[in-house]
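Chemist: generate a structure from the sequence data that follows.
(one chain, ligands or ions: 2)
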Amino acid sequence: MTSLASRPCFQAIIPATLALLLAFSATDFCAAASSTFYGDLGYDGKVNVVDVQCLNLVVLWHASLADVPPPTCLAGPRADADLNCDNELSFIDMIIEYRLALEGKLPAEIDADQDGVHDACNAVFES
Ligand SMILES: [Ca+2]
Ligand SMILES: [Ca+2]
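Modeler: Ligands and ions are numbered 1, 2, ... in the order given. As a prediction, the model looks like this:
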C-alpha cells in the first residue's frame, strides 16, 4: 500500500505548494511592515542613504511651496517624512534620517527607549 505523499505527482506538488505558501506569506508580511517602517521613505525595507537623499528632496519640495507633486521617491504619505512628528518637514527631519541611515540608531535624548523611533512618534510608527 502506498500513501498519497509517496506518489510521484504528489512529490512534485507538495514542494511547489509549500514554496507558493511561503512566497505569499513573505510578500504579505513585507508589505504590511514596510508601510509603517520608520524612516523608510521608499518602502524598500531599508533605511539608507537613498532615504536620506529622498528626505532632502522632500524637505526642499515642501519649502518651495510649489504646486507640484512631491518627489516620486516618497512612496507613501508626506507624514512618513516627518520623523519627529511635529507636523513640519524641516532640517531636523533630515538630521534624524541621516543618523538613522548612517548610525542605525537615534540619541537617547530623542529616543529614550532606543527602539529606533523618535519618542514623539512612538504612537504613529511601529519599530
Ligand atoms: Ca528605504
Ligand atoms: Ca518634522
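Chemist: what comes up buried for stretch 117-127?
Modeler: Judged by neighbour count using 16 or more other CB atoms under 10 Å, the buried positions of stretch 117-127 are 117-119, 121-122, 125. Glycine gets a C-beta too; all of them are placed from N, C-alpha and C.
Chemist: enumerate the residues of this protein near ligand 1.
Modeler: Applying CB under 5 Å from the ion, one finds that the chain approaches ligand 1 through 40, 42, 44, 46, 51.
Chemist: now the residue nearest to the fourth one when sequence neighbours are not counted: how far from residue 76?
Modeler: In other words, residue 46. Distances taken as CB to CB, 6 or more residues apart in numbering put residue 40 closest to residue 46, at 6.5 Å, once the chain neighbours are dropped. For residue 40, the distance to residue 76 (CB to CB, to the nearest Å) stands at 9 Å.
Chemist: between the two, which has more neighbouring residues?
Modeler: More neighbours surround residue 40 than the other of residue 40 and residue 76, with 25 against 15 (other CB atoms under 10 Å).
Chemist: thinking that one is in contact with residue 50, fair?
Modeler: No: at 9.6 Å, residue 40 does not count as touching residue 50 under the criterion of CB atoms under 8 Å.
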